[in-house]
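K.L.:
Could you look at this predicted model? Sequence included:
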Amino acid sequence: MRTYHLHPWDVTFEKAREIQQGLKRHLVLENRVSEIRLIAGVDVAYSKTKEKAYAVAVLLAFPSLEIIEEAIAGAPVTFPYIPGLLSFREGPVVLKALKNLKKGPDIILFDGHGIAHPARLGLASHLGLLLDKPSIGCAKSPLVGQFCQEGLGYEKGSWVP
DNA sequence: GCGACAG
DNA sequence: ATCTTGTCGC
């Protein structure tokens, strides 16, 4: 982790957006990945009372997708869900789970957006930067913009670089 | 001011 | 995210 990217998580909404603006300029959008041998996927769930968050990180071999390792972590929820500020809610516990993996992945997939975000700093972008690791945002619904654009249809499997 | 809005 | 109900497909 590059220490100059460290920042507090317990911040006001305004401060959180300032942090996003400061971090976004460090984004690396061109592909610098040489080889991928290990990939990680992370997701978060909440306790029934919604007071605690639990994250799981799974490490798989690529491209076989054989599960190599699994790690979990729990943490109290200290930040509300605000569209655009998800990383300030789920980031801490996700980092904790990834830290519990014995081996480090080459890339990480997150259950949230990456650069498809109003500040281009969704969960995947944010944590990818903090970890100095290539990341992919895999959200299940749009936050901003439209899926259908030039060269990208609505058909399942549609894609653009 | 009103509506939209990852998980 | 979580919860609950109804519907669909194997």
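P.N.:
All right, it came through fine. For clarity, every value in this text was computed on a predicted model and none was experimentally measured.

K.L.:
Show me what the residue in chain A positioned nearest to DNA strand C is bridged to.
P.N.:
Of all residues in chain A, the one sitting closest to DNA strand C is residue A:45 (3.0 Å; Cβ to the nearest atom of the strand). The C-beta positions use only the backbone N, C-alpha and C, and glycine is treated the same way. When bridges are called by DSSP bridges, residue A:45 pairs up with residue A:54.

K.L.:
So is the longest helix seen in chain A next to DNA strand C?
P.N.:
If you go by DSSP state H, chain A has its longest helix at helix A:86-99. No: applying Cβ under 7 Å from any atom of the strand, one finds helix A:86-99 separated from DNA strand C by no less than 8.4 Å.

K.L.:
Now do that helix: which elements does it pack against?
P.N.:
strand A:38-46, strand A:52-61, strand A:67-76, helix A:123-131 (3 or more Cβ pairs under 8 Å, 6 or more residues apart in numbering; DSSP states H and E).

K.L.:
Report pLDDT for the residue of chain A closest to DNA strand C.
P.N.:
The model reports residue A:45 with a pLDDT of 96.

K.L.:
Equivalent analysis for the one 4 residues further on, please.
P.N.:
At residue A:49 the predicted local confidence, pLDDT, stands at 92.

K.L.:
what's the answer for residue A:2, then?
P.N.:
The per-residue pLDDT reported for residue A:2 equals 61.

K.L.:
Tell me, how many residues neighbour the residue of chain A closest to DNA strand C?
P.N.:
By the measure other Cβ atoms under 10 Å, the count of residues near residue A:45 is 11.

K.L.:
coming back round to it: CSV for the helices and strands packed on helix A:86-99, including distance to residue A:111?
P.N.:
Formatted as CSV, those follow (distance: least, Cβ to Cβ, whole Å):
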stretch, distance to residue A:111
strand A:38-46, 5
strand A:52-61, 10
strand A:67-76, 15
helix A:123-131, 8
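
K.L.:
contacting residues around the residue most central in space within chain A?
P.N.:
Centroid-nearest residue in chain A: residue A:124, 2.6 Å away (criterion: Cα atoms, centre = their mean). With contact set as Cβ atoms under 8 Å, 6 or more residues apart in numbering, residue A:124 has these partners: A:108, A:109, A:110, A:112, A:113, A:114, A:135, A:136, A:137, A:138.
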